[in-house]
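> Need coordinates for the following:
(2 chains)
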Protein chains: 2
Amino acid sequence: METLQRQVNGFNSKDIMDTVGAIQANPEIAKFKFRARNKWISGGHNRSTIQDFYGGCTEDETRKHPFVFDNSEPPILLGNNEGANPVEFILHGLAGCMTTTMMLHAAANGIAVDHVESFLEGDLDVQGFLGLDDTIRNGYQKIRVNFKIEGDLTEEEKQKLISFAYKSPVFDIVTNKVPVSLQLQD
Amino acid sequence: METLQRQVNGFNSKDIMDTVGAIQANPEIAKFKFRARNKWISGGHNRSTIQDFYGGCTEDETRKHPFVFDNSEPPILLGNNEGANPVEFILHGLAGCMTTTMMLHAAANGIAVDHVESFLEGDLDVQGFLGLDDTIRNGYQKIRVNFKIEGDLTEEEKQKLISFAYKSPVFDIVTNKVPVSLQLQD
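So this is what the prediction gives:
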């Protein structure tokens, strides 16, 4: 018997259906714990390692090496460009998450897409963060996202793709409140 | 005449004071526009480039090469680990921003620190994002941050350092709402 292994947008339709079926049979496997470990280097320069996470009721062991990323600042923000800065990484995560969410839901709905690009820009006034003006927030005041989508798609399908992007976990994290607890280790 | 060039936590105290003075003289220089450009590759794999930004009333030109970061997913989330995933990048940005904010404000307050590490963990239930349970949010339900701070510091100074971390722009972005507008380019 032949198995249907249809690929849409680089996703295997059967894999998506199997994952959804497995979660419906046991919702516990849908619970993930993602992690990052960070070390300060000097000034505005620090480094994270990302490797292990919990998901599917087990500790993941598929990553043989950690991902390593440096945060830094440009000279105008008293750094030496050893890396992108933390608020730029937020734009990277937001862009990627909206794109992946769009393409996964598109695949699940049988909408094939040829090409997706996005441009993101966020407004940030450092007077807030520096404590120079209490009326200015510390983080982004606004983020604009511009998507360019190509393929054999109707206008309605393109709008549907945009509606999928709103389901993105990082879109939720940025546009809504996430409780963050800080603890000082002895 | 000798200039006081005191270094605290890798920051030059005079540079911090000069920056604050310059912003107080002309608040327009505090307004930044940070950017990311992203291209979908296949499935849950996409790539961002980060280079230019606007700040200090001008386009920055200090970065000769772009920073390039790949978003991907592990096999359990239908990817091949070509990169960390978008929600992990959020933890990286949050860790780095809280650390930089802490160390900059510590330097401005003359508190020298020897060593800072952090461990972050975020809970995410993918039933939300997959549309399998409307009562579950799409993004992180909770993020825990654990800081380890070393140096010749009193307990009161350590608590002050933690209070500085709360001023972090990414902490604000994650714990409060940021308006994000999506546009589809023709």
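
> Surely residue A:29 is in contact with residue A:57?
Yes. Between residue A:29 and residue A:57 there is a contact under C-beta atoms under 8 Å: 5.3 Å. For glycine as for every other residue, the C-beta is placed from the backbone atoms N, C-alpha and C.

> the more surrounded of these two?
residue A:29 (17 against 10; other C-beta atoms under 10 Å in any protein chain shown).

> per-residue confidence at that one?
Looking at residue A:29, its pLDDT is 97.

> Roughly how far does it sit from residue A:87?
According to C-beta to C-beta, to the nearest Å, residue A:29 stands 33 Å off from residue A:87.

> Same check on residue A:168?
18 Å.

> Compare these two (neighbour count), which wins?
A count of neighbours by other C-beta under 10 Å puts residue A:168 above the other of residue A:168 and residue A:87, at 29 against 25.

> need the contact list for that one.
Counting by C-beta atoms under 8 Å, 6 or more residues apart in numbering or on different chains, residue A:168 touches A:94, A:97-98, A:100-102, B:86, B:129, B:138.

> And residue A:100, by the same measure?
Counting by C-beta under 8 Å, 6+ apart, residue A:100 makes contact with A:168, B:43-44, B:46, B:71, B:73, B:86.

> What's the per-residue pLDDT of the closest residue to residue A:183 other than its chain neighbours here?
In space, and not counting its chain neighbours, residue A:183 is closest to residue B:146: 5.0 Å by C-beta to C-beta, 6 or more residues apart in numbering or on different chains. Listed pLDDT for residue B:146 reads 98.

> which element is the residue nearest to residue A:78 when sequence neighbours are not counted on?
Nearest non-adjacent residue to residue A:78, counting by C-beta to C-beta, 6+ apart: residue B:15, 5.6 Å away. Element membership for residue B:15, per DSSP states H and E: helix B:13-25.

> Show me what that helix is packed against.
Applying 3 or more C-beta pairs under 8 Å, 6 or more residues apart in numbering or on different chains; DSSP states H and E, we find helix B:13-25 packed against helix B:86-108.

> ok now the helix it packs on, how far from the chain's centre?
5 Å (C-alpha atoms, centre = their mean, to the nearest Å).

> Packing partners of the helix or strand following that helix?
Heading C-terminal from helix B:86-108, the first helix or strand you meet, by DSSP H and E, is strand B:115-125. Counting contacts by 3+ C-beta pairs under 8 Å, 6+ apart, strand B:115-125 packs against strand A:31-42, helix B:86-108, strand B:142-150.

> Out of these, which gets nearest to residue A:61?
Closest of these to residue A:61 is strand A:31-42, at 13.8 Å (criterion: C-beta to C-beta).

> and the helix or strand that the closest one is followed by, anywhere near chain B?
Of the helices and strands lying after strand A:31-42 in sequence (DSSP H and E), the nearest is strand A:45-50. Yes. Interface with chain B: strand A:45-50 contributes A:45-46, A:48, A:50 (C-beta under 8 Å from any C-beta of the partner chain).

> Just the residues contacting stretch A:172-182, thanks.
By C-beta under 8 Å, 6+ apart, the residues outside stretch A:172-182 that reach it are A:90, A:94, A:140, A:143, B:87, B:90, B:94, B:98, B:122, B:128, B:137-145, B:147, B:162, B:165-166, B:171, B:173-180.

> could you redo the last one with a cut-off of 6 Å?
With contact meaning C-beta atoms under 6 Å, 6 or more residues apart in numbering or on different chains, stretch A:172-182 is reached by A:94, B:90, B:137-140, B:142-145, B:162, B:174-178, B:180.

> and if you look at stretch A:109-122?
By C-beta under 6 Å, 6+ apart, the residues outside stretch A:109-122 that reach it are A:8-9, A:91, A:95, A:99, A:106, A:140, A:143-151, A:157, B:33-40.

> Can you list the buried residues in that stretch?
A:111, A:113, A:116-122 (16 or more other C-beta atoms under 10 Å in any protein chain shown).

> That stretch - what's its average pLDDT?
Stretch A:109-122 carries an average pLDDT of 97.

> All set now, cheers.
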